[in-house]
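A.B. asks: coords please:
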Amino acid sequence: MKKRDERIFRGSTNTLGVPLVSWVIRYAVVLAASAAFALVLSRVPSAEDNGLHAAVFSVFRHETATVDERNIVDAMIRLPLRLDIAKVDLGPSVLSVDLMLKQPEQHAYVFPDLFEITDFFLRRTGNVEQIFVRVLRPASARDGTAKPSLLVAVDARREDIGGAAPRLGTWTADSMEQFVRSHFRLTETARWNELRMDDARNAKN
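C.D. replies: Take a look at the predicted model:
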C-alpha cells in the first residue's frame, strides 16, 4: 500500500498535466531567485546616496569642495580630532563647533584640534568663510559649575590664511599652536590658564 501511495504521488499531475513535484521545485527556485534579487537591490546605493558619497569623498581629496548638511558629519568625524565633538552648526558660510575637554590632561590636544578644524575647512572647502570653535569644560559638581565653562575660543576667517603657505610636511603640536596664535583671534580664559599651569606643576612633581 505504501509503495502504491508513493507511485500515486510521483505520478500525480495538476490540471495542466505537469507533475506536482516539478511544480514544487520550480516554485522553490523562483522564491530563491526573488530573495537573491531583493538582496542585491538592497546593497545597491541610490543615485542620491552616490551623490552624497561623491561629495564626501571629494571633500577629502585635494580639490575644493562644498560642505553642507549632508556631509558635514562625515567631514568632522574623519578629521584627526582628539577632543569630543559636542556641537556642530553649519550656516551658509559660517561653521561653529564646540569641543569638550573632559580631562585636564587633554589640554595638549586643544591647539592641534583647533589647527585641524581651521586648516581643513578654510583651505579645502569653498563655502566656509569663517569658523568659530569653542573648547568647553563639562559641568562639574566638584568644580562648582552647573553648566559647561569656556576654556578657549577661536575666531578664524578665510582671509586670515590668505598669504599663508600650504600645509606641507609634518606639523608638531607646538607648530600648530603657533600657527593658531599667529593667524586667528584667540580667547583664553583664566580657567584655561589655571588648568595648563596645574598640569605643568603636576608634571614636575
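
A.B. asks: partners of the nearest residue to F184 once chain neighbours are set aside in the sheet?
C.D. replies: Of all residues not flanking F184 in the chain, A156 sits nearest, at 4.3 Å (CB to CB, 6 or more residues apart in numbering). C-beta: built from backbone N, CA, C; applies to glycine. The residues listed as beta-bridge partners of A156 by DSSP bridges are I131.

A.B. asks: Renumber starting at 7 from here on
C.D. replies: I'll keep to 7 as the first residue from here, and by that count the last item is A162.

A.B. asks: how does this protein divide up, domain by domain?
C.D. replies: With domains defined by automatic domain parsing, the chain comprises 8-49, 87-210.

A.B. asks: hey, least reliable of those by pLDDT?
C.D. replies: Lowest mean pLDDT within the domains of the chain: domain 8-49, a mean of 47.

A.B. asks: in the chain, which spans are helices?
C.D. replies: According to DSSP state H, the chain carries its helices in the segments 8-17, 26-49, 53-65, 78-84, 116-129, 179-189, 196-210.

A.B. asks: mind listing what's buried in stretch 181-195?
C.D. replies: Within stretch 181-195, the residues scored as buried using 16 or more other CB atoms under 10 Å are 182-183, 185-186, 189-190, 192, 194.

A.B. asks: Adding distance to D95, write these out as CSV.
C.D. replies: Formatted as CSV, the buried residues of stretch 181-195 follow (distance: CB to CB, whole Å):
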residue, distance to D95
M182, 24
E183, 25
F185, 24
V186, 21
H189, 22
F190, 18
L192, 20
E194, 22
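
A.B. asks: between those, which is closest to A114?
C.D. replies: Using CB to CB, E183 comes nearest to A114 of the buried residues of stretch 181-195, at 9.7 Å.

A.B. asks: for stretch 93-102, how far is the first residue from the last?
C.D. replies: Its start and end residues considered, stretch 93-102 measures 8 Å (CA to CA, to the nearest Å).

A.B. asks: List the contacts of that stretch.
C.D. replies: 73-75, 78-79, 82, 103-104, 127, 133-140 (CB atoms under 8 Å, 6 or more residues apart in numbering).

A.B. asks: Can you say which of those are buried?
C.D. replies: Buried among the contacts of stretch 93-102 (16+ other CB under 10 Å): 73, 78, 82, 103-104, 127, 133-137, 139-140.

A.B. asks: would you list these in JSON lines and tack on distance to E111?
C.D. replies: Below are these laid out as JSON lines (distance: CB to CB, whole Å):
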{"residue": "V73", "distance to E111": "32"}
{"residue": "I78", "distance to E111": "29"}
{"residue": "M82", "distance to E111": "23"}
{"residue": "V103", "distance to E111": "22"}
{"residue": "D104", "distance to E111": "20"}
{"residue": "F127", "distance to E111": "27"}
{"residue": "N133", "distance to E111": "36"}
{"residue": "V134", "distance to E111": "31"}
{"residue": "E135", "distance to E111": "34"}
{"residue": "Q136", "distance to E111": "31"}
{"residue": "I137", "distance to E111": "26"}
{"residue": "V139", "distance to E111": "20"}
{"residue": "R140", "distance to E111": "20"}
